[in-house]
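Chemist: no sequence for this one, just the structure:
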């Protein structure tokens, strides 16, 4: 039953040969990798307007030039990332480009910035989506955080099922959002032009508060920095080029073009209509909050059925925009893990041919961030965009180094170099502006976290380097026959399982020590009990062993006064090693195999604790092995049948 439920939720196991069938095309690529960028068209302009609130109604007029600069920067990034996709068709995000052209430290900076940005993107996208929901249904405002966590669980499950499933699952809300918001913008622009730039709203937006400050250059810089969150997610395609079907470059370029074109149109449309309809930003933490997108939709088409369809699609896209991170983060972690800077499980594919560990890690960290900030977008926005623009700058700088090093004379070299150079300079300046503008508001947290992540990555790498040095062996393997090991059997009672362990041990070595572990003060430690045990040992073990031509095992009774059985056993192992400096010590632990979940609750797991302690405290001369006793027949045939069933399902 549990197996059936697991298959229903997560999907059937996929064979390695099916990896090619799980690739995606441009149709799935837009929702799979473009949701982040498309959704940012909603909270990017709103973030800029939130900074302009002190200017009152006059602040709305500055949204248009700010968005125009951002769209121009977006076009520069678009041209630059086309170059990266063409040059690195096996996924050439900032990490790979920096590693190949700028060195290890730059690649770790890019990896850390991307990882932080991916986590923030999940939290910001989901919180913005729930913000759109509470705008349409204010009664849900009190449930903001639970709703955020529920959406996070849904996206996590969809991605654990695989990229192809997630892309198809998110395609409907993505294209519905583009169609609905595109229609709203088209209608709104037509009415605005027809009314000479001052259209009459169908539903009047909330009143914009009076101005409390005068316009300053610093305020406009802060608004630009906040609005730059609209550009996050553009790098997702370059990070996941290997997810596309052949020809990968063509499909990646098509997906990137579609994403940037749609995003640019939405940003410019919102920037034109928001001032025309007198729409400003509101505080999301207050009751009655309505997002800029919801206000704009109501002002253009009213609050009929189409309003709720549009807001619903916006809710879906904003909430599901986290999917871009779920597509890129596990791939990035795979590359970093393959280079030895993350734990190896990050590079292992799961049942659906996705990097499940990266997906789970992203879900947990993003969930913790949502809980820490109560799912409020305005509290998360200041942390956002620093990592994204830092990776923009590193990837463009890496491409400049790529063209400067050994690429002269090749066709298109100068044009490619110019594109990436402009991108590096533009994004570098934008990064400095964003850090300066958002530092006090919360960007300092991101700036501290990124070096901490780099330190963690280097620490993990040092561990793997030390491990490699210790395990590296020069020359041929030593196949000389050595002396047999001294075998110890550790048990707290004598039964059929122990008899089986003795049989195995005596066939391994003539020197067998049976260690009976007891606790001081228990009834089995009395002298009479010891005498009974030794007489039984002589009768049931020593005599049969001699009759069969074996050297009788030695019985040793060890007491553990503090119920820590491994301590006296470690002392005995140390003494045995001193007496046999040239021999291996093999510790045999009899153990009952638990095959049902409830059986684990009925045993004390003493064998597992003893084995863990021996592996932790003993040196290389000690080998620990288990002699199992199955309460039920072994289930090898069941495993083989399950594998055959999966193969049959795949073929069908």
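Modeler: Everything's here; your move. Note that this is a predicted model, so its numbers are computed, not measured.

Chemist: just the mean pLDDT for stretch 224-239, thanks.
Modeler: Average pLDDT, stretch 224-239: 81.

Chemist: give me the contact list for stretch 207-223.
Modeler: Under the criterion Cβ atoms under 8 Å, 6 or more residues apart in numbering, residues 48-49, 51-60, 62, 66, 278, 280, 433, 436-438 lie in contact with stretch 207-223. Every C-beta, even on glycine, is put in place using the N, C-alpha and C of the backbone.

Chemist: thought residue 87 was touching residue 399?
Modeler: Yes: Residue 87 lies in contact with residue 399 (Cβ atoms under 8 Å); the separation is 7.1 Å.

Chemist: which stretches in the stretch 451-600 of the chain count as strands?
Modeler: For the stretch 451-600 of the chain, strands defined by DSSP state E, counting those that start in this stretch occupy the ranges 486-491, 512-518, 554-559, 585-593.

Chemist: now the stretch 201-350 of the chain
Modeler: Counting by DSSP E, counting those that start in this stretch, the stretch 201-350 of the chain has no strands at all.

Chemist: so which residues of it form helices?
Modeler: 217-227, 236-239, 248-276, 292-301, 305-320, 323-338 (DSSP state H, counting those that start in this stretch).

Chemist: quick revisit: more neighbours: which of residue 87 and residue 399?
Modeler: residue 399 (28 against 20; other Cβ atoms under 10 Å).

Chemist: you'd agree the more buried one is up against residue 100?
Modeler: No: with contact defined as Cβ under 8 Å, residue 399 and residue 100 do not form a contacting pair (9.9 Å).

Chemist: most packed of the helices of the stretch 201-350 of the chain?
Modeler: helix 236-239 (a mean of 30; mean count of other Cβ atoms under 10 Å).

Chemist: what does that helix contact?
Modeler: For helix 236-239, using Cβ under 8 Å, 6+ apart, the contacting residues are 29, 33-34, 36-37, 81, 84-85, 88, 91-94, 114, 252, 255-256, 259, 324, 327-328, 331-332, 395.

Chemist: list the contacts of the residue lying closest to residue 465 once chain neighbours are set aside.
Modeler: Excluding the flanking residues, the one nearest residue 465 by Cβ to Cβ, 6 or more residues apart in numbering is residue 340, at 7.4 Å. The contact partners of residue 340, taken as Cβ under 8 Å, 6+ apart, are 460-461, 464-465.

Chemist: out of the residues you listed, which end up buried?
Modeler: 460-461, 464 (16 or more other Cβ atoms under 10 Å).

Chemist: need these in a markdown table with pLDDT and distance to residue 534, can you?
Modeler: Shown next, in a markdown table, are the buried ones among the contacts of residue 340 (pLDDT from 0 to 100; distance: Cβ to Cβ, whole Å):
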| residue | pLDDT | distance to residue 534 |
| --- | --- | --- |
| 460 | 94 | 52 |
| 461 | 94 | 55 |
| 464 | 91 | 50 |
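
Chemist: in helices, which of these appear?
Modeler: With helices defined by DSSP state H, the entries of the buried ones among the contacts of residue 340 inside them are 460-461, 464.

Chemist: I'd assumed residue 542 was in contact with residue 552.
Modeler: Yes: under the criterion of Cβ under 8 Å, residue 552 makes contact with residue 542 at 4.1 Å.

Chemist: got TSV for the ones in helices among the buried ones among the contacts of residue 340, with distance to residue 139 too?
Modeler: Formatted as TSV, those follow (distance: Cβ to Cβ, whole Å):
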residue	distance to residue 139
460	47
461	51
464	53
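
Chemist: quick revisit: mean neighbour count, the strands of the stretch 451-600 of the chain: which tops it?
Modeler: strand 486-491 (a mean of 24).

Chemist: list the contacts of that one.
Modeler: Counting by Cβ under 8 Å, 6+ apart, 497-498, 501-502, 505, 508-509, 511-517, 553, 565, 569, 572-573, 576, 580, 583-590, 610 sit against strand 486-491.

Chemist: find me the pLDDT at residue 191, would you?
Modeler: 91.

Chemist: can I assume it sits in a helix?
Modeler: Yes: assessed with DSSP: H, G, I helix; E, B strand; the rest coil, residue 191 lies in a helix.

Chemist: the chain should start at 47 in everything you say after this.
Modeler: New numbering, starting at 47: the last item is residue 237.

Chemist: doesn't residue 243 make contact with it?
Modeler: No: counting by Cβ under 8 Å, residue 237 does not reach residue 243; the two are 10.4 Å apart.

Chemist: how about residue 134, phi and psi?
Modeler: phi -120, psi 80 (degrees, to the nearest 10).

Chemist: relative to residue 448, how far out is it?
Modeler: 9 Å (Cβ to Cβ, to the nearest Å).

Chemist: just residue 84 next, same as before
Modeler: 29 Å.

Chemist: look at those two and report which has more neighbours.
Modeler: Each of residue 84 and residue 448 has its neighbours counted (other Cβ under 10 Å); residue 84 has more, 25 against 22.

Chemist: quick one: the more buried one and residue 367 touch, right?
Modeler: Yes: counting by Cβ under 8 Å, residue 84 touches residue 367, with 7.2 Å between them.

Chemist: hey, what's in contact with both of those two?
Modeler: Common neighbours of residue 84 and residue 367 (Cβ under 8 Å, 6+ apart) are residue 279.
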